[in-house]
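Sharing a model that was predicted from the sequence below.
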Amino acid sequence: MCEQGLRQLSRRTVSTTARRQLDNTVKEKQKLFQEDNGMPIHLKGGSKDALLYRATMTLTVFGSAYVVYELFTAAMPKKAK
């Protein structure tokens with residue numbers, strides 16, 4: 001009997017704060033992203049999306065250039081002095 005009581009107690013979530021009620025914004029987001037305004041879908045989220053896109057592109061370009069540089073230096077034999 002005691003073992004069953006411990007199982008039930010371990011299944012319960014322990015929370016001392018009330019849950020916050022969040023507004024459902026799915027409908028507004030759907031309208032924003034389905035709007036035909038000629039903007040790519042990955043930039044419709046606003047300035048944060050644009051900043052994230054630019055940072056990703058910058059890291060991709062510099063990372064690719066660094067990989068090509070490292071492959072080139074690894075392929076060229078070092079000159080003996």
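Great, that's in hand. Residues are numbered from 1 along each chain as shown.

going forward, measure contacts and count neighbours with C-alpha atoms only.
Fine.

Mind checking which residue lies nearest the centre of this protein?
Leu52 (9.4 Å; C-alpha atoms, centre = their mean).

Tell me how far the helix or strand hosting that one lies from the chain's centre.
Using DSSP states H and E, Leu52 sits within helix 47-75. Relative to the centre of its chain, helix 47-75 is centred 17 Å away, using C-alpha atoms, centre = their mean, to the nearest Å.

Just the mean pLDDT for that helix, thanks.
Here helix 47-75 scores 95 as its mean pLDDT.

so what does it touch, helix or strand wise?
Contact partners of helix 47-75 among helices and strands, from 3 or more C-alpha pairs under 8 Å, 6 or more residues apart in numbering; DSSP states H and E: none.

Could you list the buried residues of it?
For helix 47-75, the neighbour count (16 or more other C-alpha atoms under 10 Å) marks no residue as buried.

got it, and stretch 31-50?
By 16+ other C-alpha under 10 Å, the buried positions in stretch 31-50 come out as Phe33, Lys44.

Quick one: end-to-end length of it, please.
Chord length of stretch 31-50, first to last residue, is 19 Å (C-alpha to C-alpha, to the nearest Å).

and that stretch, how far from the chain's centre?
Distance, centroid of stretch 31-50 to centroid of chain: 17 Å (C-alpha atoms, centre = their mean).

List of residues touching it?
Applying C-alpha atoms under 8 Å, 6 or more residues apart in numbering, the contact partners of stretch 31-50 are Tyr53.

Could you measure from Phe72 over to Tyr53?
According to C-alpha to C-alpha, Phe72 stands 29 Å off from Tyr53.

Tyr69 now?
Counting by C-alpha to C-alpha - Tyr69 and Tyr53 are separated by 24 Å.

for Ala75, same thing?
Look at Ala75 and Tyr53: by C-alpha to C-alpha, they are 33 Å apart.

What of Asp36?
In this view, Asp36 and Tyr53 are 20 Å apart by C-alpha to C-alpha.
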